[in-house]
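*Asks:* return atomic coordinates for the entry below.
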Amino acid sequence: MAIEEGSEGRKPEGYNGRITPLLVVSSVTATMGGLLFGYALGISGGITSMEPFLKKFFPNVYREMQAEYSSVGNYCRFDSQLVTAFTSSLYVAGLVASFFAAPVTRAFGRKWSNLFAGITFLVGAGVGGAAVDVYMLVLSRVLLGIGTAFANQSIPIYISEISPPEHRGAINNGFNMFTAIGAFAANILNYGTQKISAGYGWRVSLAMAGLPASLIIAGAFILPETPSSLIQRGAEPQKALAALQKIRGTADVETELEDLIKAANSVSEKMEHPFRQIVERQYRPQLVMAIALPFFQQATGINVINFYAPLLFRTIGQGESSALMSTVATGLVRVGFTMMSSFVVDRLGRRVLFVVGGGVMLVSNLIVGGILGTQLGDHGRVSDGYAYSILVLLSIYLAGFGCSWGPLPGSVPAEIFQLDIRSAGQSITVAVSFFFIGVGAQSFLTMLCHFKSGMFFFFAGWILVMTVFVYLLLPETKNVPLERMERVWIEHWFWSRIRTGHHYNGRMTPFVILSCLTAAMGGLIFGYDIGISGGVTSMEPFLTEFFPEVYHKLKEDSTVSNYCKFDSQLLTSFTSSLYLAGMVASFFASSVTSAFGRKPSIAMGGVLFLVGSAVGAAAVNVFMLIIGRMLLGIGVGFANQAVPLYLSEMAPPKYRGAINNGFQLSICIGAFAANLINYGVEKIKVGYGWRISLAMGGVPASLLIVGALFLPETPNSLIQQEGNEHEALKMLQKVRGMEDVRAEFEDLIKANEVAKTVKNPFRNIIRRRYRPQLVMAIAIPFFQQVTGINVISFYAPLLFITIGLGESASLMSTIVIVVVGTSSTIVSMAVVDRLGRRSLLIAGGIQMLVSQVAIGGIMAIQLGDYGGLSKGYAYLLLTLISVYVAGFSWSWGPLGWLVPSEIFPMEVRSAGQSVTVAVCFLLTFAVAQTFLSMLCHFRWGIFLFFGGWVVVMTGFVHLLLPETKGTPIEQMEGVWMDHWFWKRFVIAADDQKEMAGAEA
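*Replies:* So this is what the prediction gives:
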């Protein structure tokens, strides 16, 4: 409740207080630490554009700048590693120092880190002002870097801890506002000292860094320590209470104090190694933000604008004085918009400012790059009008940055970490910031020399990426109390999968691996069938014996369009009869699987496939061919119904995705073997190669039959069949490799008790409470088929012949595609339990869409109704189809089987898997039966047709499929109860059930 209220802009429940004079004075004093960073940013760019400074320390750069006719282009005159080393040494030192700042801040408090920062910065200013050589300059920058690191590490934490939640954004933005003020002051000072004719203006600029440092030193002595720091360092609760009451201006601070003490107590066992602690899974969201936000902040290009702005303005033709004055103007804009951000950040929230600011920066960067690209060559200058247009656009860019990516990447990381790792987290934020500032400083002038105007497009690309990142992955933290911040991650659509979820005991045992490898071989028979049918239907002896009219169109009838040569309902009936038989068989398989277990269904699948292979190989007419195909279909129907269930029930939750993907890997291996066999037997001159291809289906079937004899039954199935709890417990202990499996076993018992109440699973599955699972059991296999993958799989040889490849070349091309698919499935196995199901389905959908549109476009432009494609285009199509197959094989291929098999509760699991298999076969049948006619009539548009479906299915996944990664199979109902849309069905059904029970 507190989180919800805070998110609407009100004071969080139980948190009392007001803006007190002490809070204002303390916050202003602390945020002045931003002056150090801002001054360091602003001063360096100014002095490196001053001629006396360049002449003394960097004479080579000075000579290039002064040369009236230089062979060096405008963009390259300041390209000097020595100049960039002077600038970036501060950031390297700051990077290292930030890690030392964390233990100091944690052990001694926030205010003493501020004091140390001021002293170190003051010494650095003195050394810089007195520098007589480059070594003293670099030493000065190193000292400034150490001081800045300590300030940047401790001040955001101090401000976040001392601020009331409802004003934390505004107060924390003060740090960045003072950073902007520091840079503005440095620019003003540079503009003034540049006019000192005696040539020592740069010394004044460097030495004046001592002024903000002195302010920080004086302020540190009057700063109160934060209550969080007092509790963390073991102070008496009464002392922390007194400090909190003084800061909040009220005695009623019990709720906030309780949260602080609770956070401190949770820290006590973790305090020894915060940097080790922070890499644990539970802190993954915060760690990602601590790295990503400062990285993206630097990838906006802001700091290269800050400390190279004078050089940039000189590059486009302004004089030294005008360049410095332009920098003053842009600095003033940034200060103004940072102040504006402070007023609106706690009203609008962080995410809105990030996204809007990113849009403003993106547009202005693109326009600046366009003007420089068209108006500024390697030599000469732009007109005054364009120069001032660039000044205006850079000011707009800085306005966008000043209200978004300027203040917020400092304040958001400071507020998202729990107390135990807050100092370590802020150190990582500062270190990443310094690292990338250093990289930018060290490389910018060289990049400017080589990228030229493209530099601004480079940064624009990163701005687009970071804006999408924020939109998708950053939760809103507005008005959420620091010690309750964990809730924003638990409630986030993506990060909730890391923060929540119960995990059972157990490990990956050799027993599980061997059992699952054996069961996954059930995919071999499906894969073999998909691969073999397309190959034999492209063999001339097979066509002449069974489909002579197709052979005639292929070889002799030149009036038939390329797209229509294989358009035969009899030919498609041969291919698709398997899927019709499999669809019907899958419903019978459900009853067998529930009543007798998973392994008998797997064995039956192997036996039927073996018989079907023999009938097909011995066929003397089309009728025998189709009988063989139907037997194959029944076998595949039983195997596809039982194997994914077996794998999902045997696998530990954290590895279920990878293990279940083994089924799809076996499908790919089966298809690969079929294509190799087709390629080999096609060369048999006597014309019986197709019989060998069909007969060899008995090999994977025999492997499956033998393997099924040795398979153990799953614990879930043992309980469901016999109610033998003792036997099921022993099997579960064997499967998990440990004795302590009580939690998982209890969930199995509960699930079985529910399953016993269900007499008719097919009638039960249509009830409201199972609506989400039923929708997925229908939609996912439907979408899997309308990707067009199976028409690619079993018609690939015909497709390649259509575009002009020969019979042998088309079969070899199919082998290449299957190798790509198999490799991509292996990739999916490696990442599915890390990245999750949704991410792979969406990314794979995009990859398939792009490749399908490209394939359709090439065929539309290059392939007419007659003739073929050039070899170049034919192999380009092969490449694009391989890209398409890769996208399918690490997403919709394996996950189309995985997700439906893991989402159903035990009482309707077999029925649900039967629905999945039936829909899969029905759609495969429909597509197989219609594809050659559709190819004839749609021509190249067939790929755009399937591409349209890919758009629909990707949107469906994004909106309606919850993440199931890592969720125990008997606790899967929770993912539906937490989903924005499906919870209305699941929770409403539970309520109705409770009401019915109460009435009874």
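*Asks:* and for Y471, the neighbour number?
*Replies:* 12 (other Cβ atoms under 10 Å). Yep, even glycine has a C-beta here, placed from its N, CA and C like the rest.
*Asks:* what's the answer for D740, then?
*Replies:* Applying other Cβ under 10 Å, we find 12 residues neighbouring D740.
*Asks:* low-confidence stretches in the stretch 301-450 of the chain?
*Replies:* Scanning the stretch 301-450 of the chain for pLDDT under 70 picks out 303-331, 376-382, 384, 419-420, 423, 438, 440-442, 444-446, 448-449.
*Asks:* okay, now the domains of the chain?
*Replies:* If you go by automatic domain parsing, the domain ranges for the chain are 2-7+21-68+78-224+269-499, 225-268, 510-557+569-994.
*Asks:* want to try CSV for those, with distance to Y15 as columns?
*Replies:* Below are those laid out as CSV (distance: least, Cβ to Cβ, whole Å):
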stretch, distance to Y15
domain 2-7+21-68+78-224+269-499, 6
domain 225-268, 5
domain 510-557+569-994, 27
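*Asks:* now the most centrally placed residue in the chain: which helix or strand?
*Replies:* Nearest to the geometric centre of the chain sits S839, at 6.7 Å (Cα atoms, centre = their mean). If you go by DSSP states H and E, S839 is part of helix 837-862.
*Asks:* for that helix, packing partners?
*Replies:* Helix 837-862 sits against helix 807-835, helix 871-889, helix 892-903, helix 941-960, with contacts defined as 3 or more Cβ pairs under 8 Å, 6 or more residues apart in numbering; DSSP states H and E.
*Asks:* could you list the residues in contact with stretch 611-620?
*Replies:* 546, 624-625, 627-635, 691-692, 694-698, 701 (Cβ atoms under 8 Å, 6 or more residues apart in numbering).
*Asks:* could you tell me which of those count as buried?
*Replies:* 546, 625, 627-635, 691, 694-698, 701 (16 or more other Cβ atoms under 10 Å).
*Asks:* any chance of the helices and strands packed on helix 837-862 in TSV, plus distance to K685, mean pLDDT and mean neighbour count?
*Replies:* Compiled in TSV, these are given as follows (distance: least, Cβ to Cβ, whole Å; pLDDT from 0 to 100; neighbours: other Cβ atoms under 10 Å):
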stretch	distance to K685	mean pLDDT	mean neighbour count
helix 807-835	13	76	20
helix 871-889	26	83	21
helix 892-903	36	85	27
helix 941-960	35	91	18
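*Asks:* select, out of these, the one closest to E753.
*Replies:* E753 lies closest to helix 892-903 among those, at 19.9 Å (Cβ to Cβ).
*Asks:* and the pLDDT for M583?
*Replies:* M583 carries a pLDDT score of 81 in this model.
*Asks:* repeat that for L631.
*Replies:* pLDDT recorded at L631 is 95.
*Asks:* for L718, give me its contacts.
*Replies:* Applying Cβ under 8 Å, 6+ apart, one finds that L718 lies in contact with G597, N724, E727, A728, M731.
*Asks:* er, I842 actually
*Replies:* By Cβ under 8 Å, 6+ apart, I842 lies in contact with T954, V957, H958.
*Asks:* so can I have TSV of those showing distance to F904?
*Replies:* Shown next, in TSV, are these (distance: Cβ to Cβ, whole Å):
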residue	distance to F904
T954	24
V957	18
H958	22
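*Asks:* nearest to S601 among those residues?
*Replies:* Distances from S601 to the contacts of I842, taken by Cβ to Cβ, are shortest for V957, at 29.2 Å.
*Asks:* the closest one contacts L841, correct?
*Replies:* Yes - using Cβ atoms under 8 Å, V957 is in contact with L841, at 4.6 Å.
*Asks:* need the contact list for the residue found closest to M485 once you drop the neighbours it is linked to in the chain.
*Replies:* Excluding the flanking residues, the one nearest M485 by Cβ to Cβ, 6 or more residues apart in numbering is I416, at 5.7 Å. Residues near I416 by Cβ under 8 Å, 6+ apart: P285, Q286, M289, A290, G425, T477, M485, V488.
*Asks:* so which helix or strand takes in M934?
*Replies:* Under the criterion of DSSP H and E, M934 resides in helix 909-938.
*Asks:* I should have written V686 there, sorry.
*Replies:* Assigned by DSSP H and E, V686 belongs to no helix or strand.
*Asks:* what residues are up against it?
*Replies:* By Cβ under 8 Å, 6+ apart, the contact list for V686 is empty.
*Asks:* now do it, the pLDDT please.
*Replies:* V686 is assigned a predicted lDDT (pLDDT) of 79.
*Asks:* likewise Q66?
*Replies:* Q66 carries a pLDDT value of 64.
*Asks:* now do the helix holding S839 against helix 941-960, angle only.
*Replies:* Per axes from the mean of the first three to the mean of the last three Cα atoms, to 10 degrees, the angle that helix 837-862 makes with helix 941-960 is 160 degrees.
*Asks:* hmm, back to that, how close does the residue nearest to the centre of the chain get to L474?
*Replies:* S839 sits 17 Å away from L474, going by Cβ to Cβ, to the nearest Å.
*Asks:* again, but for L41
*Replies:* Separation of L41 from L474 (Cβ to Cβ) stands at 25 Å.
*Asks:* check S197 too.
*Replies:* 51 Å.
*Asks:* right, and V104 touches N114 too?
*Replies:* No - taking Cβ under 8 Å as the definition, V104 is not a contact partner of N114, at 10.7 Å.
*Asks:* between those two, which one's more packed in?
*Replies:* N114 (28 against 19).
*Asks:* quick one: what helix or strand has the nearest residue to that one once chain neighbours are set aside in it?
*Replies:* Of all residues beyond its chain neighbours, the one nearest N114 is A220 (4.5 Å), with distances taken as Cβ to Cβ, 6+ apart. Assigned by DSSP H and E, A220 belongs to helix 210-222.
*Asks:* give me the contacts around the helix or strand that that helix is followed by.
*Replies:* Helices and strands here follow DSSP H and E; after helix 210-222, the next one along the chain is helix 227-232. Under the criterion Cβ under 8 Å, 6+ apart, residues 106, 109-110, 161, 237, 239-241, 243-244, 247, 257, 260-261, 263-264, 267, 419, 422, 482 lie in contact with helix 227-232.
*Asks:* just those: which are in helices?
*Replies:* 106, 110, 161, 237, 239-241, 243-244, 247, 257, 260-261, 263-264, 267, 422 (DSSP state H).
*Asks:* which of the contacts of stretch 611-620 fall in helices?
*Replies:* If you go by DSSP H, the contacts of stretch 611-620 have 546, 624-625, 627-635, 691-692, 694-695, 698, 701 in helices.
*Asks:* still on that earlier bit, what is in contact with V104 and N114 at once?
*Replies:* With Cβ under 8 Å, 6+ apart, V104 and N114 have common neighbours F150.
*Asks:* any idea how far the closest residue to V885 other than its chain neighbours is from F609?
*Replies:* Leaving aside its sequence neighbours, V885 sits nearest to G821 (Cβ to Cβ, 6+ apart; 4.6 Å). Counting by Cβ to Cβ, the gap from G821 to F609 is 21 Å.
*Asks:* V951 now?
*Replies:* Separation of V951 from F609 (Cβ to Cβ) stands at 36 Å.
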